[in-house]
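# how does the following fold in three dimensions:
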Amino acid sequence: MSASLGDGSVRAASPGNRAQDRAGNRATAPTGPHGGDAIAVARSRGIDPTQLLDLSASLNPYAPPIDRFVDRVNLGTYPDDTAATAALSAAIGIDPERLVLTNGGAEAIALVAALEPVGDVQSPEFALYERHLAEVRPGSPRWRSNPSNPLGELAPAAAVARVWDEAFWPLATGTWTRGDGSWRIGSLTKLWACPGARIGYAIAPDTATAQRLRDRRPRWSVNAVALMLIEALLPVTDLPTWSSAIAAQRQRLVQVLAERGLAVRNTAANWVLVEAFDLRAKLIEHDVLVRDCASFGMHGTYRIAVPDDGGLQRLVAALDAVVEPVDHGAAGDHDSVGPPDAPAVTDTTERRR
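Prediction:
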């Protein structure tokens, strides 16, 4: 199944191709190298960032609102992460001496890479591993996201890695961690849909290694707002319910995309992948942002986060404005945004732990 974009123009399968608007002008669609560019896109559109439906950042669509907790924070003293560390380690079920809180998952990756400077990274994979490793060497201890980013596949139970990035694991499985003796990196930013708060952590293989990591971490790197949110949000965190709801909503998202003739790849994570050249640029015209996977080497593929019900309705409206179904039996389907002979849905959800 395939579809054409609504302006009728022919799409070349080129990574440099960018959409034109209906007046023939180039659409403004800046793409950040690692995503996270919603503010830049909103600025280019001349709108407030809150008006943009950001489906480029794969956050929990069912996270509790955090605004009501912000007034609890004490900004008049230096932060102390003792209580937050104890609370999170109890929730995960690990020794608090092995848990190190960080200023987002990105800081955890940088800190662990300082202790594990040589690693194997197999593409496509999250770019920050290569950025922070001193050397990427095939056959060396592997750095691996689980579920994989961007493919959204859960690693088999027998798979091994020196460093597991479990930023999306809780939302995919309804549990905190796969629980082996390797390094494990987590991101509460994704879990609680608060990327501005920067809340991450690393679980070390043992307490001595955790202390080495703690010694490298900048003093007071985790701010008081982030620490307060850990203690406030853990009691209302429901991983099994959130994971089940996301899985059901992901199926609805797959259906929406497939019904419009788009070649969609289902995943085990809180996003799906779509093959559709120029889809990001066209959706930006309707204030919807998706993740261009060109930085992963996957040109013409887009990652779309699972939205809540209101977000799904906005996405449907935007898709209906820019995607037109084509006659599947017609010859010469040059306008296709997905391969004409590809199945509408590729399902990878059973490639699990």
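# export the helix or strand containing Arg280 as CSV, just CAs?
Element membership of Arg280, judged by DSSP states H and E, is helix 279-284. Output of helix 279-284 as CSV, limited to C-alpha atoms (Å, rounded to 0.1, in the frame of the first residue of the first chain):
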residue,chain,number,x,y,z
LEU,A,279,6.2,13.7,5.6
ARG,A,280,7.9,15.8,8.3
ALA,A,281,7.9,18.9,6.2
LYS,A,282,4.3,18.5,5.2
LEU,A,283,3.1,17.9,8.7
ILE,A,284,5.0,20.9,10.0
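# just after that helix, pick out the following helix or strand.
strand 288-289.
# which neighbouring elements make contact with the helix or strand just after that following strand?
Remark: after strand 288-289, the chain's next helix or strand is strand 291-292, criterion DSSP H and E. Here strand 291-292 touches strand 301-305, going by 3 or more Cβ pairs under 8 Å, 6 or more residues apart in numbering; DSSP states H and E. Quick note: C-beta positions are derived from backbone N, CA and C, even for glycine.
# how about Arg142, phi and psi?
Dihedral pair for Arg142: phi -90, psi 140, per degrees, to the nearest 10.
# so which elements touch the helix holding Arg280?
Checking 3+ Cβ pairs under 8 Å, 6+ apart, helix 279-284 ends up next to helix 309-322.
# in the helix it packs on, what's buried?
Residues 311-312, 314-316, 318-319, 322 are the ones in helix 309-322 that count as buried (16 or more other Cβ atoms under 10 Å).
# can you check stretch 40-54 too?
So, applying 16+ other Cβ under 10 Å, buried residues of stretch 40-54: 41-42, 45, 52-54.
# could those residues go into JSON lines alongside pLDDT?
Below are these laid out as JSON lines (pLDDT from 0 to 100):
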{"residue": "Val41", "pLDDT": "92"}
{"residue": "Ala42", "pLDDT": "91"}
{"residue": "Arg45", "pLDDT": "91"}
{"residue": "Leu52", "pLDDT": "95"}
{"residue": "Leu53", "pLDDT": "96"}
{"residue": "Asp54", "pLDDT": "96"}
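# mind putting the residues you listed into CSV with distance to Ile203?
Below are the buried residues of stretch 40-54 laid out as CSV (distance: Cβ to Cβ, whole Å):
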residue, distance to Ile203
Val41, 34
Ala42, 35
Arg45, 40
Leu52, 34
Leu53, 33
Asp54, 29
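# still on that earlier bit, tell me the one of the buried residues of helix 309-322 nearest Val256?
Comparing the buried residues of helix 309-322 against Val256 with Cβ to Cβ places Val316 closest, at 5.8 Å.
# regarding the nearest residue to that closest one once chain neighbours are set aside, what is its secondary structure?
By the measure of Cβ to Cβ, 6 or more residues apart in numbering, the closest residue to Val316 outside its immediate chain neighbours is Val256, 5.8 Å from it. Classification of Val256 using DSSP: H, G, I helix; E, B strand; the rest coil returns helix.
# OK, contacts around Val256?
By Cβ atoms under 8 Å, 6 or more residues apart in numbering, the contact set of Val256 is 312, 315-316, 319.
# could you do Pro61 as well?
With contacts defined as Cβ under 8 Å, 6+ apart, the neighbours of Pro61 are 193, 246, 249, 270, 305-308, 311.
# in this protein, which helix or strand is least confident?
strand 3-5 (a mean of 49; mean pLDDT, DSSP states H and E).
# could you point out which element follows that one?
helix 38-45.
# dump that next one to CSV, keeping only the CA atoms.
Extracted as CSV, the C-alpha positions of helix 38-45 are listed here (Å, rounded to 0.1, in the frame of the first residue of the first chain):
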residue,chain,number,x,y,z
ALA,A,38,10.4,21.6,18.8
ILE,A,39,11.3,25.1,20.0
ALA,A,40,13.3,25.8,16.9
VAL,A,41,10.5,24.5,14.7
ALA,A,42,7.9,26.5,16.5
ARG,A,43,10.0,29.6,16.2
SER,A,44,10.4,29.1,12.5
ARG,A,45,6.6,28.8,12.2
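# given the helix or strand following that helix, what are its sheet partners and their directions?
Per DSSP H and E, helix 38-45 leads on to strand 53-54 as the next helix or strand towards the C-terminus. Sheet pairing here is set by DSSP bridges, and for strand 53-54 it gives strand 288-289 (parallel).
# please work out which residues outside the strand it pairs with touch it.
For strand 288-289, contacts defined as Cβ under 8 Å, 6+ apart pick out 38, 41, 52-56, 280, 283, 314-315, 318.
# possible to save these as TSV with distance to Ile66?
Formatted as TSV, the contacts of strand 288-289 follow (distance: Cβ to Cβ, whole Å):
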residue	distance to Ile66
Ala38	17
Val41	23
Leu52	19
Leu53	19
Asp54	16
Leu55	20
Ser56	20
Arg280	28
Leu283	27
Arg314	22
Leu315	24
Ala318	27
